[in-house]
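**Student:** this one's structure only:
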């Protein structure tokens, strides 16, 4: 069982448009479900492809504390039903701009159309010096409505300025469409049936 304790300093933005490089990239499907949610702390499950994690986080906004433990598939599947009604699915892409690594999240299912970019910094000073790219929209680092836990519980924030999502037929992104998320759901359901027999 692997554990990691860290703090993160990150900024988050809504995307006006997607970098063209994503058209030849493959995103990783992330499923996240919340076991416990309080104003300044949370405990959630997360699957990233074939790896599974139990994570506790404290704080909010620019700087947060994080304790992450890697768990087994069986442990994940046994706890997953406890997150019903508090889940999100998103495809994550990695994108580098001026030597700064960004995570670009393209949300699925009920949050289709929401696209966010976040990046971490070594310290607060570096984070404040960062200049946003032209394809970034509003900064939402301190907007609690766009935290994963609030998106999981409340859905799309009212008044969020989003571009119309691409249709399933014309979507050029591998793993971008709903069909990818649906097939992943089916795969997880099959695994759960196998484990519980």
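**Tutor:** Ah, there it is. None of these values were measured; they are calculated from a predicted model. Residues are numbered from 1 along each chain as shown.

**Student:** which residues does residue 116 bridge with?
**Tutor:** residue 14, residue 105 (DSSP bridges).

**Student:** Distance check, it against residue 143.
**Tutor:** Here the distance between residue 116 and residue 143 works out to 11 Å (Cβ to Cβ, to the nearest Å). For every residue, glycine as well, the C-beta is placed using N, CA and C.

**Student:** These two: who's more crowded?
**Tutor:** The neighbour comparison of residue 116 against residue 143 (other Cβ atoms under 10 Å) goes to residue 116, with 22 against 15.

**Student:** who are the neighbours in contact with the more buried one?
**Tutor:** Contact analysis of residue 116 by Cβ atoms under 8 Å, 6 or more residues apart in numbering lists 12, 13, 14, 15, 104, 105, 107, 140, 146.

**Student:** how about a cut-off of 10 Å?
**Tutor:** Shown in contact with residue 116 (Cβ atoms under 10 Å, 6 or more residues apart in numbering): 12-15, 90, 102-107, 136-137, 140, 146, 148, 151.

**Student:** Need the overlap of contacts for residue 116 and residue 143.
**Tutor:** Residues touching both residue 116 and residue 143 by Cβ under 10 Å, 6+ apart: 12, 14.

**Student:** so where's the protein uncertain?
**Tutor:** 1-7, 60-63, 161-197 (pLDDT under 70).

**Student:** residue boundaries of the helices in it?
**Tutor:** 73-79, 124-129, 148-154, 178-196 (DSSP state H).

**Student:** Would you agree residue 95 is in contact with residue 136?
**Tutor:** No - with contacts counted by Cβ atoms under 10 Å, residue 95 stays clear of residue 136, the gap being 11.5 Å.

**Student:** which neighbours do those two share?
**Tutor:** The overlap between the contact sets of residue 95 and residue 136 (Cβ under 10 Å, 6+ apart) consists of 102, 117.

**Student:** Specify the beta-bridge partners of residue 64.
**Tutor:** What pairs with residue 64, by the bridge criterion (DSSP bridges), is residue 8.

**Student:** ditto for residue 37
**Tutor:** Per DSSP bridges, the residues bridged to residue 37 are residue 42.

**Student:** Please name the residues that touch it.
**Tutor:** Per Cβ under 10 Å, 6+ apart, neighbours of residue 37: 43, 44, 86, 147, 149, 150, 152, 153.

**Student:** From those residues, list just the buried residues.
**Tutor:** Among these, those buried by neighbour count (16 or more other Cβ atoms under 10 Å) are 44, 86, 147, 149, 152.

**Student:** what's the farthest-apart pair in these?
**Tutor:** Within those, 86 and 147 form the most distant pair, 12.2 Å apart (Cβ to Cβ).

**Student:** Now for these two: what residues contact both?
**Tutor:** Joint contacts of residue 86 and residue 147 (Cβ under 10 Å, 6+ apart) are 37, 42, 153, 154.

**Student:** what about the second one, neighbour count?
**Tutor:** Residue crowding around residue 42 was assessed by other Cβ under 10 Å; the count is 21.
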